[in-house]
Structure formats: structure tokens, C-alpha cells
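**Q** sequence? don't have it. structure:
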């Protein structure tokens, strides 16, 4: 099975080629995204499928992942508040 590069991988590679200082921001952003996904799976018990759906929609209609999860009914308003609380504390 061939692995397809994601948009974030392509973006990261582009930033690496054009600006060394951008690398740190991109890596930190990716790390924060990974921590958010871990929180969604472990603390809110969201399935990988639900997260994948939201990530796919975020590529087509860019916006904050928590809002996309809520807009598509993948999290409740209470869970959305938990996500924002976690983001604020992180």
C-alpha cells in the first residue's frame, strides 16, 4: 500500500525549503495537533473514524477542528466546551 503525503507534509516540506525559521512553527503546530487528536481519542473517546471525517472536512472547508467536529455532529456542545478548555490550558 502506497503512502500518500498529506497536505501538512507537503506544507512542511515547502516551509523547509523556503524558510528555516518557519520549521519550528510548523513542527510546534503539528505537535499541538497530535496532542489534540490524542485528547479527542483518550479523554472524549472519539473514534479514529470520526476524527478522520473531521480532518477530511477541514481540508475542504478550513476551520478550527473543534468547530468542524461540532458542525458535523461528531461532538456535543459539552464536549466542544471541554475541547476549548483543554486548548486554553495546553
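**A** Cool, the structure landed. As the structure is a prediction and not an experimental result, all values here were calculated from the model. Numbers count the residues shown, from 1 in each chain.
**Q** Do a quick rundown of the helices in this structure.
**A** Taking DSSP state H as the criterion, the chain carries its helices at 7-18, 20-42, 48-60, 65-71, 77-89.
**Q** Flag whichever of those helices has the least confidence on average.
**A** Ranked by mean pLDDT, the helices of the chain bottom out at helix 7-18, with a mean of 39.
**Q** and residue 37, how many neighbours does it have?
**A** Number of residues near residue 37 (other CB atoms under 10 Å) recorded here: 16. Glycine gets a C-beta too; all of them are placed from N, C-alpha and C.
**Q** Quick check: closest non-adjacent residue to it.
**A** In space, and not counting its chain neighbours, residue 37 is closest to residue 51: 6.0 Å by CB to CB, 6 or more residues apart in numbering.
**Q** How about residue 74?
**A** Nearest one to residue 74, counting by CB to CB, 6+ apart, is residue 50 at 4.6 Å.
**Q** Run a quick check on that neighbour versus residue 69, I expect a contact.
**A** Yes: if you go by CB atoms under 8 Å, residue 50 and residue 69 touch, sitting 7.4 Å apart.
**Q** Tell me which of those two has more neighbours.
**A** Between residue 50 and residue 69, counted using other CB under 10 Å, the more crowded position is residue 69 (25 against 18).
**Q** and that one, what does it touch?
**A** 40, 46, 50-51, 54, 75, 79-80, 83 (CB atoms under 8 Å, 6 or more residues apart in numbering).
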